[in-house]
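[1] sharing a sequence plus its predicted fold:
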Number of protein chains: 2
Amino acid sequence: MKKTVAVVGLGLIGGSLAAALRGFEHCEVVGVARRQETVEYALSHQICDRATTDAATALAEADVTVLCTDPSIVIRYLKDYRDVFKAGSLVTDVCGIKTAIMEAAKVLPDTVDFIGCHPMAGTEFSGIEHSFPELFQRCHLILTPSADSTQEHVDWMHRMADHIGAADVVTTTPEQHDAMIAYTSQLMHIVALSVCDDAELFRCKGFEGGSFRDCTRVAALDVPLWRELLTLNSAALTKVIERLEENLHSYRVALEHRDLERITAKLEYSSNRKRRMNLPGPGQISVDWLNEK
Amino acid sequence: MKKTVAVVGLGLIGGSLAAALRGFEHCEVVGVARRQETVEYALSHQICDRATTDAATALAEADVTVLCTDPSIVIRYLKDYRDVFKAGSLVTDVCGIKTAIMEAAKVLPDTVDFIGCHPMAGTEFSGIEHSFPELFQRCHLILTPSADSTQEHVDWMHRMADHIGAADVVTTTPEQHDAMIAYTSQLMHIVALSVCDDAELFRCKGFEGGSFRDCTRVAALDVPLWRELLTLNSAALTKVIERLEENLHSYRVALEHRDLERITAKLEYSSNRKRRMNLPGPGQISVDWLNEK
């Protein structure tokens, strides 16, 4: 049966997801935005089949609702529209934290199934004008189903992940998700920001190579969004920041002592760990950059 | 006049440079490698016009010699071949540190011109089998000429940089180079290594996104080379590691206190600095990754 999928919030992720979803099992993609301007942009760029600023009407008829907003707004939507979501429908999201979201989803009636979702994709840009349907190519897509999520809905999420190009689907608990993401994503953002805080930043132009551009790329972040993500996960995040401080300190001490044996041993240890991780190529290719080539 | 250019050391950088140089002002590119196997690989892959394991003969006839080896071997070459380099010739290198190299180059006779060079390009791989002529596309190429370097040789370096695709040529002092590189390159490697030292590394598979892959990419480094680069610049490097520890700590404290106002102010500050830097796209595209697409 042809499903109606409401994508709420047409920013970088929502816009990209709406566009990526088009053609998936003949579903009809309805974009929901706060501003009429965004609705018109979405329609004129074929990002969705229909678009509206009327959330209530869109949610009432949606078989699947994907909330693609900042966490606080997802939480508010769940509360404000709890009695609007269609009975038997699936509600999901794309937030980078899951414990707070799954907690908030408990407000939903039993007739509405909530499956937490986090596609590990993004760029340092935000807004619908930066969205592109290939954003999810090769990303991990993480699911945190509710205790009573139906197999039919879980299966739909898997097929959707496959359609948008995700490398795989990882199913886990909200707590495990947040602990892992503190390390793999939030810490990378704190590192990028902290590197940019260095007094030498603007003097180093002309001296930066690939490693600098790669490491600092995500520092140009969306402040309201990241303020929420970081504070909602601060307990796990502060622990991994502290561990990184310790690991940096250990390298610093070895270098201060010019302890060649220790430096060599440390370099062997860390670089072998990296090789064992064996991650595929670069994470995010800037489409602008590729188009320029 | 057609020049003979000897490229000494056919690894990732030397192999890529030799290949990138082909066709530049009709020069003849002569590769010099320690192992016959590398010579044969270079010839069968059209990486240079000629290739040999006989360094002395190659250097004696070269109008330009580019030393593409680890710093300690560059230093040894300068000393061992000081009387072999052709009178009137230009000798240059590609090392990621410059003070120690420029100091070592003082051993050369007045008839040989040394210009320090550091193309800010590389990948996490090493060896001629990973070399590719596009490696230098859009890189910064840094020059540290000697006090008595000739304009003719400086001009040659500029034209060569242009031919291999460098974005620009930055001329500076060895001391300034090493201070900047401690921050833009060496610190990025220490960060990547330290992130990989985290106990969660192997448990996080399936939870990593672009920022994690980008930040940790360079951790899979060439240990003998980086041991040299890091220890030869340890004074500058330990200072920037300490500054990063402090900046990370400052974020950690704000998060521990859940100080929303402070967190917001810090995020605004750091992300605005990043935006002001306005660096172009990702630094290094893995060729394998692109080919897979």
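    Happy to help now that I have it.
[2] ok, longest helix in chain A?
    The helix that spans the most residues within chain A, counting by DSSP state H, is helix A:234-256.
[3] who touches it?
    The contact list for helix A:234-256 (C-beta atoms under 8 Å, 6 or more residues apart in numbering or on different chains) reads A:178-179, A:182-183, A:186-187, A:190-191, A:230, A:262-263, A:266, B:190-191, B:193-195, B:197-200, B:230-231, B:234, B:237-238, B:241-242, B:244-245, B:248-249, B:251-252, B:255-256, B:258. Where C-beta positions appear, they are placed from N, C-alpha and C, glycine not excepted.
[4] so which bits of it are buried?
    A:234, A:236-241, A:243-245, A:247-248, A:251-252, A:254-255 (16 or more other C-beta atoms under 10 Å in any protein chain shown).
[5] what ranges does the stretch 51-200 of chain A have for its strands?
    Using DSSP state E, counting those that start in this stretch, the strands of the stretch 51-200 of chain A run over A:64-67, A:90-93, A:113-119, A:140-145, A:168-171.
[6] so which bits of the fourth one are buried?
    Neighbour counts using 16+ other C-beta under 10 Å place A:140-145 of strand A:140-145 among the buried residues.
[7] alongside chain B, which residues does the stretch 51-200 of chain A contribute?
    The stretch 51-200 of chain A has residues A:120-123, A:139-140, A:142, A:168, A:170, A:177, A:179-181, A:183-185, A:187-200 near chain B, with proximity defined as C-beta under 8 Å from any C-beta of the partner chain.
[8] measure stretch A:18-33 end to end?
    Taking C-alpha to C-alpha, to the nearest Å, stretch A:18-33 runs 12 Å from one end to the other.
[9] in chain A, mark out all the helices, start to finish.
    A:12-21, A:36-44, A:55-61, A:71-80, A:99-104, A:151-164, A:174-181, A:187-196, A:210-216, A:223-232, A:234-256, A:260-277, A:287-292.
[10] now those helices in a markdown table, with distance to B:Ala220?
    A markdown table is the format used below for these (distance: least, C-beta to C-beta, whole Å):
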| stretch | distance to B:Ala220 |
| --- | --- |
| helix A:12-21 | 30 |
| helix A:36-44 | 41 |
| helix A:55-61 | 47 |
| helix A:71-80 | 34 |
| helix A:99-104 | 33 |
| helix A:151-164 | 29 |
| helix A:174-181 | 21 |
| helix A:187-196 | 17 |
| helix A:210-216 | 12 |
| helix A:223-232 | 28 |
| helix A:234-256 | 16 |
| helix A:260-277 | 4 |
| helix A:287-292 | 23 |
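[11] for these, give me JSON lines that also has mean pLDDT.
    Shown next, in JSON lines, are the helices of chain A (pLDDT from 0 to 100):
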{"stretch": "helix A:12-21", "mean pLDDT": "97"}
{"stretch": "helix A:36-44", "mean pLDDT": "98"}
{"stretch": "helix A:55-61", "mean pLDDT": "98"}
{"stretch": "helix A:71-80", "mean pLDDT": "98"}
{"stretch": "helix A:99-104", "mean pLDDT": "98"}
{"stretch": "helix A:151-164", "mean pLDDT": "98"}
{"stretch": "helix A:174-181", "mean pLDDT": "97"}
{"stretch": "helix A:187-196", "mean pLDDT": "98"}
{"stretch": "helix A:210-216", "mean pLDDT": "93"}
{"stretch": "helix A:223-232", "mean pLDDT": "96"}
{"stretch": "helix A:234-256", "mean pLDDT": "98"}
{"stretch": "helix A:260-277", "mean pLDDT": "96"}
{"stretch": "helix A:287-292", "mean pLDDT": "37"}
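[12] of the ones you listed, give the one that comes closest to B:Leu59.
    Closest to B:Leu59 of these, according to C-beta to C-beta: helix A:260-277, at 30.0 Å.
[13] and the closest one, what's buried?
    Buried residues in helix A:260-277, counting neighbours by 16+ other C-beta under 10 Å, are found at A:263-264, A:266-267, A:270-271, A:273-274, A:277.
[14] and A:Val112, how far from B:Ile115?
    70 Å (C-beta to C-beta, to the nearest Å).
[15] coming back round to it: mind saving the C-alpha coords of the longest helix of chain A as PDB?
    This file holds the C-alpha atoms of helix A:234-256, laid out as PDB (Å, rounded to 0.1, in the frame of the first residue of the first chain):
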ATOM      1  CA  SER A 234      27.100  16.000  28.800                       C
ATOM      2  CA  ALA A 235      27.600  13.200  31.400                       C
ATOM      3  CA  ALA A 236      29.000  10.800  28.700                       C
ATOM      4  CA  LEU A 237      30.700  13.600  26.800                       C
ATOM      5  CA  THR A 238      32.700  15.100  29.600                       C
ATOM      6  CA  LYS A 239      34.100  11.600  30.400                       C
ATOM      7  CA  VAL A 240      35.500  11.200  26.800                       C
ATOM      8  CA  ILE A 241      36.900  14.700  26.700                       C
ATOM      9  CA  GLU A 242      38.800  13.900  29.900                       C
ATOM     10  CA  ARG A 243      40.100  10.700  28.400                       C
ATOM     11  CA  LEU A 244      41.300  12.600  25.300                       C
ATOM     12  CA  GLU A 245      43.000  15.200  27.500                       C
ATOM     13  CA  GLU A 246      44.900  12.400  29.200                       C
ATOM     14  CA  ASN A 247      45.900  10.800  26.000                       C
ATOM     15  CA  LEU A 248      47.200  14.100  24.600                       C
ATOM     16  CA  HIS A 249      49.000  14.700  27.800                       C
ATOM     17  CA  SER A 250      50.700  11.400  27.500                       C
ATOM     18  CA  TYR A 251      52.000  12.200  24.100                       C
ATOM     19  CA  ARG A 252      53.100  15.700  25.300                       C
ATOM     20  CA  VAL A 253      55.100  14.200  28.200                       C
ATOM     21  CA  ALA A 254      56.900  11.700  25.900                       C
ATOM     22  CA  LEU A 255      57.800  14.600  23.500                       C
ATOM     23  CA  GLU A 256      58.900  16.900  26.300                       C
END
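[16] quick check, pLDDT for the residue nearest to A:Ala87 when sequence neighbours are not counted.
    Nearest residue to A:Ala87, sequence neighbours excluded (C-beta to C-beta, 6 or more residues apart in numbering or on different chains): A:Thr111, at 4.1 Å. For A:Thr111, the pLDDT comes out at 97.
[17] now the strands of the stretch 51-200 of chain A in CSV, with distance to A:Leu225?
    Formatted as CSV, the strands of the stretch 51-200 of chain A follow (distance: least, C-beta to C-beta, whole Å):
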stretch, distance to A:Leu225
strand A:64-67, 13
strand A:90-93, 13
strand A:113-119, 13
strand A:140-145, 18
strand A:168-171, 22
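[18] from the stretch 101-250 of chain A, which residue is nearest to chain B?
    A:Gly210 (2.5 Å; C-beta to the nearest C-beta).
[19] ok, the nearest residue to A:Ile241 once chain neighbours are set aside to A:Met180 distance?
    Leaving out its chain neighbours, the residue that sits closest to A:Ile241 by C-beta to C-beta, 6+ apart is B:Arg252, at 4.4 Å. Here the distance between B:Arg252 and A:Met180 works out to 19 Å (C-beta to C-beta).
[20] I'd guessed A:Tyr81 sits against A:Ala56; true?
    Yes - between A:Tyr81 and A:Ala56 there is a contact under C-beta atoms under 8 Å: 7.0 Å.
[21] neighbour count for these two, which is higher?
    A:Tyr81 (21 against 11; other C-beta atoms under 10 Å in any protein chain shown).
[22] gap between that one and B:Asp54?
    78 Å.
[23] again, but for A:Pro133
    56 Å.
[24] more neighbours, those two?
    Using other C-beta under 10 Å as the criterion, A:Pro133 and B:Asp54 rank with A:Pro133 on top: 19 against 10.
[25] need the per-residue pLDDT for that one.
    At A:Pro133, the pLDDT recorded in the model is 96.
[26] quick one, what contacts it?
    A:16, A:19-20, A:22, A:164.
[27] swap in A:Ala58?
    By C-beta under 8 Å, 6+ apart, the residues touching A:Ala58 are A:6, A:8, A:30, A:32, A:52.
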